[in-house]
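Undergrad: Pasted the sequence and its predicted model underneath.
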Amino acid sequence: MFNQKHAKRRDISELRSQRWYAPETIRAFAHRQRSQQMGYRREEFLGKPVIGIINTWSDMSPCHSHLRERAEAVKRGIWAAGGFPVELPALSMGEVMVKPTTMLYRNFLAMETEELLRQHPIDGVVLLGGCDKSTPALLMGAISMDIPAIFCPAGPMSSGKWRGQVTGAGTHTKKYWDQLRLGAITQHDWVELEGAMTRSIGTCNTMGTASTMTSIADAMGFSLPGASSIPAADSRHPQMASLCGKTIVDMVWHDHKPSHWLKRENFLNGIVAYMALGGSTNAAIHLIAMANRASISLTLEDMEAIARKVPVLANLFPSGEQLMEEFWFAGGLMAQLRKVSTFLHQDAIGVLNTPTSQWIEQAKCYDDNTIRGLDNPIIPLSQGCALAVLRGNLCPDGAVMKSSAASPVLRKHRGPALVFDNHQTLSDTIDNPDLDITKDTVIILRNAGPVGAPGMPEWGNLPIPKKLLKQGVTDMVRISDCRMSGTHYGTCILHVAPEAAIGGPLGLVKTGDIIELDIPAGTLNMLVDDAELARRRANFAPSHTVFKRSWAALYQQHVTQANQGCDFDFLLAGSDIPEPPIF
């Protein structure tokens with residue numbers, strides 16, 4: 001329930017929707033007239049808060065395929081609380097179907113969210129989403145618009161099994177693909193897996209980017225406490241959606257908008273959750289982008305500082321052995337946060353206008369193997385953490401990796417580079433039996449960053465060559481300026497900044513150069529002297545595709561680098577856009 005203590009209730013005349021509906025003018029007449037044209041009685045919308053429901057449902061987004069029904073549950077809560085709900089469809093970004101990558105369109109959805117809310121008579125908003133880029137995009141738009149907003153997460157899909165084995169979306173797809181390449185499973189097995197692994201509505205059931213971001217939003221206070229853990233197919237999920245509808249009406253009456261409660265401490269709490277869950281490296285980009293929208297300083301070093309204190313605790317794939325449904329039954333996010341409460345800013349408030357301490361004080365853990373404490377991490381800090389930041393002459397503005405997923409033998413490594421200028425060449429070449437490559441080789445993919453790809457796709461879990469797989473090699477040092485799915489694992493160095501396409505050092509590496517990685521020291525270098533690098537830089541010529549039109553052209557012209565959040569340079573500041581004039 002929304003805490004109304006110390007919160008002044010507004011008069012209906014103070015709500016922004018009344019600029020559209022209340023005046024005795026010809027334009028307001030038209031607004032009231034057109035609302036009645038849709039079958040609403042005057043009494044159903046006049047004198048009530050107008051609540052927008054930004055819905056990212058799509059028939060091409062299986063993670064969001066149930067959001068039409070959840071929008072109806074949200075409406076029930078809004079009607080019951082005395083509000084007037086209006087559903088606004090927005091860009092849907094199903095992670096698997098959208099090409100070349102949903103990251104290319106995250107800023108599109110963020111802009112659409114902001115502008116849908118600005119152009120319509122909306123007093124508050126419920127944000128429906130959950131697939132990887134949808135969560136940060138919706139929150140970025142809502143933060144910039146700065147009206148009362150609550151996030152209603154889509155929820156993870158139900159747990160999967162195949163022939164008695166737990167199967168997690170994404171994680172086991174990659175595992176079984178390698179087995180198929182080796183002949184360890186048959187084509188019949190592969191087809192059977194295809195129809196059995198993802199068995200319900202909802203987002204990936206591993207601790208991939210989807211559950212990483214919805215959990216971060218939850219820990220920050222953007223959703224009802226614990227909402228991110230509820231499985232999409234559970235009956236409690238539409239109940240939660242209905243309660244979001246009720247809550248947003250209270251938030252509107254008391255003008256409880258992001259700028260009134262969202263502080264740096266909320267982001268730090270989100271980062272604590274991120275690290276305890278062993279979340280996706282993608283979150284590093286999204287958190288910076290979200291903080292920039294709120295004019296809050298947040299850096300990779302801020303995240304790494306927490307990562308070095310908070311080990312990976314949740315026993316969830318790909319770091320552990322369980323899936324999100326088991327996490328929910330074990331107590332969910334609030335139970336996990338209670339076990340790291342000493343690292344939380346417990347006075348930070350969220351959408352309920354209550355402190356974090358109140359969210360977690362009633363939380364209970366029902367399975368200490370799934371939701372672990374600091375005395376029993378799934379991966380001790382001595383073996384790595386959820387986010388490590390590397391710097392050196394190969395990545396002066398930083399690169400990231402999940403060091404907890406790195407092979408111990410590769411934590412300090414020297415090896416010759418094998419450079420690929422584009423993903424197609426890598427795909428066409430990597431399984432060539434004559435490829436000059438050993439287990440010590442460092443595979444590099446470049447021109448795959450924000451500008452180079454464009455859109456920074458999830459190509460970073462570069463494949464192990466088939467001939468090395470046959471030798472028993474399951475991990476190698478792999479470096480790229482792109483991203484990697486949170487469902488994947490391995491010694492993969494990502495988000496190299498500046499990227500190759502804009503002249504970053506990654507664009508200067510040549511096959512055969514010795515690459516030195518030292519994870520404990522936080523360094524990544526190519527052992528090439530400065531004079532030689534200067535010569536290469538003088539002769540550098542970009543080789544990526546430059547778009548002349550379309551969204552991709554706008555993206556290439558204005559996107560910032562990974563360490564800056566990959567937002568557009570003209571969207572970084574908070575909202576200074578005036579309310580639209582009504583003529």
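TA: Nice, I can see it. Numbers count the residues shown, from 1 in each chain.
Undergrad: To what extent is the residue nearest to Leu104 when sequence neighbours are not counted buried, counted in neighbours?
TA: Of all residues beyond its chain neighbours, the one nearest Leu104 is Gly455 (3.0 Å), with distances taken as Cβ to Cβ, 6 or more residues apart in numbering. The C-beta positions use only the backbone N, C-alpha and C, and glycine is treated the same way. Here the count is done by other Cβ atoms under 10 Å, and Gly455 has 27 residues near it.
Undergrad: now do Leu224
TA: Leu224: 22 neighbours (other Cβ under 10 Å).
Undergrad: got it, and Leu313?
TA: 26.
Undergrad: try Pro380
TA: Per other Cβ under 10 Å, the neighbour tally for Pro380 reads 12.
Undergrad: from memory it sits against Pro311, does it?
TA: Yes: counting by Cβ atoms under 8 Å, Pro380 does reach Pro311; the two are 5.9 Å apart.
Undergrad: Show the model's pLDDT score for the residue nearest to Leu104.
TA: Here the pLDDT value assigned to Gly455 is 98.
Undergrad: what residues are up against the nearest residue to Ile360 once chain neighbours are set aside?
TA: Nearest non-adjacent residue to Ile360, counting by Cβ to Cβ, 6+ apart: Arg338, 4.4 Å away. Residues near Arg338 by Cβ atoms under 8 Å, 6 or more residues apart in numbering: 360-361, 363, 365.
Undergrad: Name the nearest of the residues you listed relative to Ser158.
TA: Cys365 (21.4 Å; Cβ to Cβ).
Undergrad: Quick check: the gap between that closest one and Ser543.
TA: 52 Å (Cβ to Cβ, to the nearest Å).
Undergrad: do Gly449 as well
TA: To Ser543, Gly449 is 13 Å away according to Cβ to Cβ.
Undergrad: Compare neighbour counts for these two and give me the winner.
TA: Gly449 (31 against 13).
Undergrad: Dihedrals phi and psi, the more buried one?
TA: Reported as degrees, to the nearest 10, the phi and psi values for Gly449 are phi -90, psi -160.
Undergrad: related to what we said a few turns ago, of the contacts of Arg338, buried ones?
TA: Buried members of the contacts of Arg338, counted by 16 or more other Cβ atoms under 10 Å: 360, 363, 365.
Undergrad: any chance of the residues you listed in JSON lines, plus secondary structure, pLDDT and distance to Lys412?
TA: Formatted as JSON lines, the buried ones among the contacts of Arg338 follow (DSSP: H, G, I helix; E, B strand; the rest coil; pLDDT from 0 to 100; distance: Cβ to Cβ, whole Å):
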{"residue": "Ile360", "secondary structure": "helix", "pLDDT": "97", "distance to Lys412": "39"}
{"residue": "Ala363", "secondary structure": "coil", "pLDDT": "98", "distance to Lys412": "40"}
{"residue": "Cys365", "secondary structure": "coil", "pLDDT": "98", "distance to Lys412": "37"}
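Undergrad: Tell me the one among the residues you listed nearest to His413.
TA: Nearest member of these to His413, counting by Cβ to Cβ, is Cys365, at 37.9 Å.
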